[in-house]
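Visitor: Prediction below, plus the sequence it came from.
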Amino acid sequence: MAARRRRRRSPLQRVGRFFYGMLVALSAVVVVGFCAYRWVSKPPEQAAAPSVPVQRSEEVSASSGGLVRKEGCYTVLLACSDATSGNADTIMVGMYDTVNQQAGLLSIPRDTLTQLYRKINAAYHDGPENLRDIVSDLLGIPIDYYVTTSVEAFVQLVDEVGGVDFEIPIHMGYDDPTQDLHIHYEPGLTHLDGQQAMEVCRFRHSNDGSKTEYSDIGRTKTQQAVLSLIAKKVLSNPQKIGRYVRIFSEHIKSDMPLETMLWFAEPALGFDLSTGLQTGTLPGDGSVTYKGTPYCYQLYPQECLEMVNQFLNPYTQDMTLDRMNIVQVQ
């Protein structure tokens, strides 16, 4: 019997078979990648509660007892160094509840009065671990990890996501030739690249002769708003994760292991910034003089307690004021 001739496939069938093979290969890559991610990623560890000074330990134990951490709830210190002094220019504490997909971001004014430092930004000069411990003692909550960044990392990340559209709140006119820093913007919606976003976030006051009312609170609100815009664009472009990792590895210091960062990636992709994120700034008085140092920022204890419970509290019950260490000038 003569061998049957193999039937030739039409061009359309050959194209279909090619794309089917590509789909199978891509599916295999995705499965292998997901398995590798599951194998490499590591759940975060929760830090112990901050130690309570001896003079307050009995009072704290009597009033609030032991506190229990929420499952899947983590805290992180975010700080950016000043370009010239070595102190912290920006200090924030974030909380991420991965179970309920809720997050809080609370800014700590850089001139905040603390027990060991007249202004909290000076604590960064002794290292990020030291700043983390000072912030933890101030707020009375454990800080699981710290993430510190440089101005260059901020600039590169904003450029990587294509810039952000931000509503400039006031006239900004500032020049500092020693830092080669020149900040000139007018109120209104403006597209900012990395350098411009950095300038807007660093602006404190005008020195061009114009009168602009812009407190440290206004500055932190601007920083929070810009960071929120950046986060939205980062989460909407997960395909650039390789480039984000490169920027982080070159310019960001953290005690968070890479495998833990990978673990956070999965819940973060499902996070809705428009509904799940709350932001605020610790309230206080920035005109206080302490031991000869002017313009220290003295926190309002009760209002700060309420904000910590609302934005950051990682415990299953509300904190009490005696767990915090808010210095008051006598």
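Guide: All right, it came through fine. Keep in mind that what you see is a predicted model, and the values were worked out from it rather than measured.
Visitor: so what's P142 closest to, chain neighbours aside?
Guide: A47 (4.0 Å; C-beta to C-beta, 6 or more residues apart in numbering). The C-beta positions use only the backbone N, C-alpha and C, and glycine is treated the same way.
Visitor: residues near the one you found, how many?
Guide: 17 (other C-beta atoms under 10 Å).
Visitor: ok, it to L299 distance?
Guide: 22 Å (C-beta to C-beta, to the nearest Å).
Visitor: same question, D216
Guide: 12 Å.
Visitor: Might you report the residue contacts of the residue nearest to P142?
Guide: Applying C-beta atoms under 8 Å, 6 or more residues apart in numbering to A47 gives the contacts 75, 136, 142-144.
Visitor: How about the secondary structure of it?
Guide: coil (DSSP: H, G, I helix; E, B strand; the rest coil).
Visitor: how close does it get to D272?
Guide: From A47 across to D272, the span is 27 Å (C-beta to C-beta).
Visitor: rewinding a little: compare D216 and L299 and say which is more crowded by neighbours.
Guide: Comparing D216 with L299 by other C-beta under 10 Å, the one with more neighbours is L299, at 23 against 19.
Visitor: how about the nearest residue to the more buried one, chain neighbours excluded?
Guide: G284 (4.2 Å).
Visitor: Can you check the pLDDT for that neighbour?
Guide: For G284, the model assigns a pLDDT of 94.
Visitor: How many neighbouring residues does it have?
Guide: G284, neighbours per other C-beta under 10 Å, totals 23.
Visitor: What about the contacts of A47, which are in strands?
Guide: Judged by DSSP state E, the subset of the contacts of A47 located in strands is T75.
Visitor: which among the contacts of A47 gets closest to D89?
Guide: Checking these against D89 with C-beta to C-beta, the nearest one is I143 at 18.8 Å.
Visitor: after the host helix or strand of Q224, next one along is what?
Guide: For Q224, the enclosing helix or strand under DSSP states H and E is helix 216-235. Sequence-wise, the next helix or strand downstream of helix 216-235 (DSSP H and E) is helix 241-251.
Visitor: Would you mark the buried spots in that next one?
Guide: Residues 244, 247-248, 251 are the ones in helix 241-251 that count as buried (16 or more other C-beta atoms under 10 Å).
Visitor: which element follows that helix toward the C-terminus?
Guide: strand 252-254.
Visitor: Give the pairing partners of that next one; include direction for each.
Guide: strand 145-149 (antiparallel) (DSSP bridges).
Visitor: from the middle of its chain, how far away would the strand it pairs with be?
Guide: 8 Å (C-alpha atoms, centre = their mean, to the nearest Å).
Visitor: what's it in contact with?
Guide: 44, 74-81, 124, 128-129, 131-132, 251-256, 260.
Visitor: From those residues, list the buried ones, please.
Guide: Of the contacts of strand 145-149, these count as buried by 16+ other C-beta under 10 Å: 44, 74-81, 124, 128, 131-132, 251, 254-256, 260.
Visitor: Contacts only, for L269.
Guide: 235, 238.
Visitor: What ranges does the stretch 51-200 of the chain have for its strands?
Guide: 73-81, 88-97, 102-107, 145-149, 164-168, 172-176, 181-185, 188-192 (DSSP state E, counting those that start in this stretch).
Visitor: one step back: how much space separates the residue nearest to L299 from A123?
Guide: 17 Å.
Visitor: From what I see, N325 and L116 are in contact.
Guide: No - judged on C-beta atoms under 8 Å, N325 makes no contact with L116 at a distance of 9.9 Å.
Visitor: more crowded one of those two?
Guide: When N325 and L116 are compared for neighbours, N325 comes out ahead with 18 against 14, by other C-beta under 10 Å.
Visitor: Closest to M95 out of the buried residues of helix 241-251?
Guide: F248 (20.5 Å).
Visitor: Excluding residues flanking it in the chain, which one is nearest M324?
Guide: Nearest non-adjacent residue to M324, counting by C-beta to C-beta, 6+ apart: G140, 4.1 Å away.
Visitor: Quick check, pLDDT for the one you found.
Guide: 95.
Visitor: got a list of what it touches?
Guide: 50, 308, 319, 323-325.
Visitor: Can you tell me how far the residue lying closest to R323 once chain neighbours are set aside is from D193?
Guide: Leaving aside its chain neighbours, R323 sits nearest to G140 (3.6 Å; criterion: C-beta to C-beta, 6+ apart). Using C-beta to C-beta, one obtains 39 Å as the distance from G140 to D193.
Visitor: now do G86
Guide: 27 Å.
Visitor: Quick one: residues in contact with the helix holding Q224.
Guide: Against helix 216-235 from outside (C-beta under 8 Å, 6+ apart): 90, 92, 105, 107, 109-111, 157-158, 161-162, 164-167, 169-170, 192, 197, 200-201, 203-204, 240, 244, 268-269, 271, 273, 277, 279, 281, 283, 286, 297.
Visitor: Apply the buried test to these and list what passes.
Guide: By 16+ other C-beta under 10 Å, the contacts of helix 216-235 give 90, 92, 105, 107, 109-111, 157-158, 161, 164, 166, 169-170, 192, 197, 200-201, 203, 244, 268, 271, 277, 279, 281, 286, 297 as buried.
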